[in-house]
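Visitor: Curious how this folds, go ahead:
(chains A and B)
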Number of protein chains: 2
Amino acid sequence: MAKKPSALHEIPGVSQPETTSALSAAKIKQFRAKKNSVDEFVQAILQGDIPFLSKAITLVESTNSKHQEQANEIIEKCLPFANNSIRIGITGVPGVGKSTFIEAFGKHLTSQGKKVAVLAVDPSSSVNKGSILGDKTRMEQLVTDPNAFIRPSPAGSSLGGVAQKTRESIILCEAAGFDTIIIETVGVGQSETMVHSMVDFFLLLNLAGAGDELQGIKRGIIEMADAIVINKADGENEKNATIAQVEFNKALHLYPLKESNWQPKVLVASALKHIGIDLIAAMIQEYITLTKQNGYFAQHRNAQNRFWLLSTIEQQLKATFYKNPQIQKLLSDEIQQLEAGKTTPFLAAKRLLERKC
Amino acid sequence: MAKKPSALHEIPGVSQPETTSALSAAKIKQFRAKKNSVDEFVQAILQGDIPFLSKAITLVESTNSKHQEQANEIIEKCLPFANNSIRIGITGVPGVGKSTFIEAFGKHLTSQGKKVAVLAVDPSSSVNKGSILGDKTRMEQLVTDPNAFIRPSPAGSSLGGVAQKTRESIILCEAAGFDTIIIETVGVGQSETMVHSMVDFFLLLNLAGAGDELQGIKRGIIEMADAIVINKADGENEKNATIAQVEFNKALHLYPLKESNWQPKVLVASALKHIGIDLIAAMIQEYITLTKQNGYFAQHRNAQNRFWLLSTIEQQLKATFYKNPQIQKLLSDEIQQLEAGKTTPFLAAKRLLERKC
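Guide: Numbers count the residues shown, from 1 in each chain, chains lettered A, B, ... in the order given. Just a heads-up that it's a prediction; the model follows:
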């Protein structure tokens, strides 16, 4: 090999391939640079304009305070047109076939005339970048469906931040006319609890295994589920899926009846072969009819709103307190005193709280 | 029956029996009325003076701010002499024989030269008055033992308040020379989690049943236990107790090894017949030796201290915020707006937090 003047040497004559026409690039630039007013956003969203919906969600997800202000105004103006959807949470450990399931389920719904938005919650994505929904091509058919809107998980941010962004994105999607909102999350960590407290129906995807169906899933997640779907129930797996269905049904009957008066169901499906998808859609409709009739639907949404109001306040109170540099110094001093056995947690707390004002 | 002028009529000539001599009553009055100085308290407690210890705990439990101030000073001066004990939490559902067990266990320890303090945590007692330890006569032998000190649960107050009072009472008992502190609580509600986070060793008392050993106990409590003791293992029950022991052992092995590196044990005992008590004491000693050697003992107490410091601060921040009348008014307005779909939890929280300052 010939000696190069530097490792950064570039072979001359090889330029970037032109995949984007100069005209398109200019259009995109113009669209991005243009500062749209709040009213322009709201008008466009209410007309179901997807680029504007996307851009508004980007504002919601922004950490820039001007963007946040604008996002808040847009949300407030969209609110009267929100809330008219069914919100469905879908979880399951990696490998259970969530993308394939959501694609099949979403296509089934759009074929029935529904408009489906899919949002993802994945607090781990900021760390490992292996985000769910990150690769939209995994939902090839849904992504090109004009009645579907797919939005990957917002990057970075705390669990609380992700929750807020997701809930506000739901409102914007609803205002844009989406009547079914699917929130996807991975079956690990705390994100299930968060998603559970922002949806009307919570669905756990599972696989048939060799007798260990209940392992690997946190017990709390089974308790939260309104339905368990045993996916990949095709070919040789079909028999095992039916066995798993019986097992899960037994397990679910150990729990007391839910406040919604709904007895959680276990269904089998093959998302790949489109088997059982219609029954799942029908079951969710049955749930919505029941809970709208018995008043639980509205009551549950009110309770969720109160929960998010109070938990946001409490998170914020803590954050404000602990980010004060004086408090940080004092806290670390008090912890030293504690470890040396020279104070009690209660006396230390008292001194910290007195210093606050 | 002769007609009486009123239902409140009193038969004349029957007066209260004199169970207390006038002299004793005067002495008690004098003792109660006397305002002891902080130094008098501390001196007496360090000498193991039980009436002073009791009185100091009463100050700790008082809601009077002057009493609390005095209590804080006493605690601070006692602190350098505290911390040298083994703190054991004991729980179990009503009927499992907690009092009999603690009596047998406590007597065993005092016969070995130990000094045993028994404190009770029962947040339910303020409601139903059916307090554990409320009837001290249930521990007839221990209550008259000069090396034992039994203190019933403080009445009223929130769970957080009870926690603080109990933890401060532990410090006073330790300063008074008690080397074993037993914290008793009932096997229902949230008090177990609280007690678990203030003891070194957590023991769950249980009974052998007909195959339903695992029912009626919250799963979380089994996870917390460092040992499960199947009580009343005598006579006809003995065989069932051994079966239950095997069952519980299986259940415990499903959990990953504890951070302490201790594999929780299951023992059988009959507190009534004093069977197995010595083995339980030996097991706890084994645990203490292990965790002092591997450093977990000190590390765990530090973690507990930090937990109580932070949770006290956070409880207090919330309490201060919500008790502000302006905030209360605004909060109820915002909740109305939320229910009417006119705001989001996050916008409402933002407004509430802005009003705060």
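
Visitor: Residues of the stretch 201-350 of chain A that sit close to chain B?
Guide: A:219, A:302, A:305-309, A:312-314, A:316-318, A:321, A:334-335, A:338-339, A:341-350 (C-beta under 8 Å from any C-beta of the partner chain). The C-beta positions use only the backbone N, C-alpha and C, and glycine is treated the same way.

Visitor: Please repeat the previous calculation with a cut-off of 6 Å.
Guide: Residues of the stretch 201-350 of chain A lying near chain B by C-beta under 6 Å from any C-beta of the partner chain: A:302, A:305, A:308-309, A:312-314, A:316-318, A:321, A:338-339, A:341, A:345-346, A:348-349.

Visitor: Same question for stretch A:283-295: list its buried residues.
Guide: Under the neighbour-count criterion of 16 or more other C-beta atoms under 10 Å in any protein chain shown, stretch A:283-295 has A:Met283, A:Ile284, A:Tyr287, A:Thr291 buried.

Visitor: Stretch A:240-259 now?
Guide: Neighbour-count burial for stretch A:240-259 [16+ other C-beta under 10 Å]: A:Asn240, A:Ala241, A:Ile243, A:Ala244, A:Gln245, A:Glu247, A:Phe248, A:Ala251, A:Leu252.

Visitor: sorry, back to before: are any of the residues of the stretch 201-350 of chain A next to chain B buried, and if so which?
Guide: A:305, A:308-309, A:312-314, A:316-317, A:321, A:338, A:341, A:345-346, A:348-349.

Visitor: ok, back up a step: which two in the buried residues of stretch A:283-295 are spaced the farthest apart?
Guide: Within the buried residues of stretch A:283-295, A:Met283 and A:Thr291 form the most distant pair, 12.7 Å apart (C-beta to C-beta).

Visitor: Can you work out which residues contact both of those two?
Guide: Jointly contacting A:Met283 and A:Thr291 under the rule C-beta atoms under 6 Å, 6 or more residues apart in numbering or on different chains is no residue at all.

Visitor: Could you find the closest non-adjacent residue to A:Gln263?
Guide: A:Leu257 (6.4 Å; C-beta to C-beta, 6 or more residues apart in numbering or on different chains).

Visitor: Centre-most residue in chain A?
Guide: For chain A, A:Val121 is the residue whose C-alpha lies nearest the centre (C-alpha atoms, centre = their mean; 2.9 Å).

Visitor: In the stretch 151-300 of chain A, what residue lies closest to chain B?
Guide: A:Gln164 (5.2 Å; C-beta to the nearest C-beta).

Visitor: I'd like to know which elements the helix or strand hosting that residue is packed against.
Guide: Using DSSP states H and E, A:Gln164 sits in helix A:159-175. Judged by 3 or more C-beta pairs under 6 Å, 6 or more residues apart in numbering or on different chains; DSSP states H and E, helix A:159-175 is in contact with helix A:50-61, helix A:65-78, strand A:116-121.

Visitor: Please pull out the lowest mean pLDDT helix or strand from chain A.
Guide: Ranked by mean pLDDT, DSSP states H and E, the weakest helix or strand in chain A is helix A:125-128, scoring a mean of 44.
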